[in-house]
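> Model the following, please.
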Amino acid sequence: GMKSGREWLPFTVRLYFYTGQTAVRIVHSITFDGDQERDFVRGLGLQFGVPLREEPRNRTVRFAGADGGTWSEPLQPGGGNAAQERGENFPGNPVFAANAIWDEFKLSQPTPDGFTIVKRTNPKSTWINSIAGKRSSGLAFVGDLGGGLAVSVKNFWQSYPAELQVKNASRPVANLTAWLWSPDGPEMDMRHYDL
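Coordinates of the predicted model:
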């Protein structure tokens, strides 16, 4: 369709830095100034670029699951190599020569009653289910032996549909997106429930 050129949905992003801390607090606020009968938000998120230098076998993606649990996987699993499982240098080749290199991961919390973690090797390939649970605490990490970035969303499962996504994990700069409103969920409908 034709673009209207209309600007709407103004937002404010506040960054809080504290002396002696490596964490940065981000507060993102939007003002819905659209027409509630016509304007529906499809997705709302913050994306971060994460530079990575190590080989895929020495890169890891992690998600916080339920009750303090953590899901963690190298991009190119080494068949149970103990050093790799501990996040240490894995200089050898993976056990299986044709071992897949996972490039995209998603933790989706579409309802308050369940989340899933899926992964795929590229946009042309199918998503593979990794694990599921009830309520994720909403933290994602992508990094290598030299460091990385973790993002945590406050009240993650309560703010469904929410999602944490890692793309381009095998490239020089991975993308970590905190979807405050997941594009995989229904549109954000601002109409009153009973008129």
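
> so where do the strands sit in this protein?
When secondary structure is read from DSSP state E, the chain shows strands at 11-17, 24-30, 44-51, 59-64, 70-74, 104-111, 114-120, 128-133, 139-144, 147-152, 162-167, 173-181.

> tell me the mean pLDDT for stretch 182-193?
Average pLDDT, stretch 182-193: 82.

> Tell me the helices and strands packed up against the lowest-mean-pLDDT helix or strand in the chain.
Lowest on mean pLDDT, DSSP states H and E among the helices and strands of the chain sits helix 82-85, with a mean of 75. Using 3 or more Cβ pairs under 8 Å, 6 or more residues apart in numbering; DSSP states H and E, no helix or strand is in contact with helix 82-85. Quick note: C-beta positions are derived from backbone N, CA and C, even for glycine.

> neighbouring contacts of it?
Applying Cβ atoms under 8 Å, 6 or more residues apart in numbering, the set of residues contacting helix 82-85 from outside is R57, N58, P74, P77, G78, N89, F90.

> how does it look with 7 Å?
The contact list for helix 82-85 (Cβ atoms under 7 Å, 6 or more residues apart in numbering) reads R57, P74, G78, N89, F90.

> what do you get for stretch 71-79?
Outside stretch 71-79, the residues within contact range by Cβ under 7 Å, 6+ apart are 56-57, 59-63, 65, 84, 90, 94-96, 99, 101-102, 117, 130-131, 169-170.

> repeat for stretch 149-165
Residues external to stretch 149-165 that are found in contact with it (Cβ under 7 Å, 6+ apart): 48, 50, 63, 106-112, 135-143, 176-182, 184-185.

> Pairing partners for the residue nearest to S137 when sequence neighbours are not counted in the sheet, please.
Nearest in space to S137, with sequence neighbours left out and distances taken as Cβ to Cβ, 6 or more residues apart in numbering, is A64 at 4.5 Å. Beta-bridge partners for A64, by DSSP bridges, are T70.

> roughly how far apart are A64 and D194?
Distance check for A64 against D194: by Cβ to Cβ, to the nearest Å, it reads 36 Å.

> Can you pick out the residue with more neighbours from the two?
Here A64 and D194 are set side by side on neighbour count (other Cβ atoms under 10 Å), and the busier one is A64, at 20 against 4.

> so that one sits right up against L107, yeah?
No - assessed by Cβ atoms under 7 Å, A64 is found out of contact with L107, at 8.4 Å.

> Now do the shared contacts for the two.
With Cβ under 7 Å, 6+ apart as the test, A64 and L107 both reach S136.

> Low-confidence ranges, this protein, go.
Of all residues in the chain, those with pLDDT under 70 make up the ranges 1-4, 79-80, 93-98, 195.
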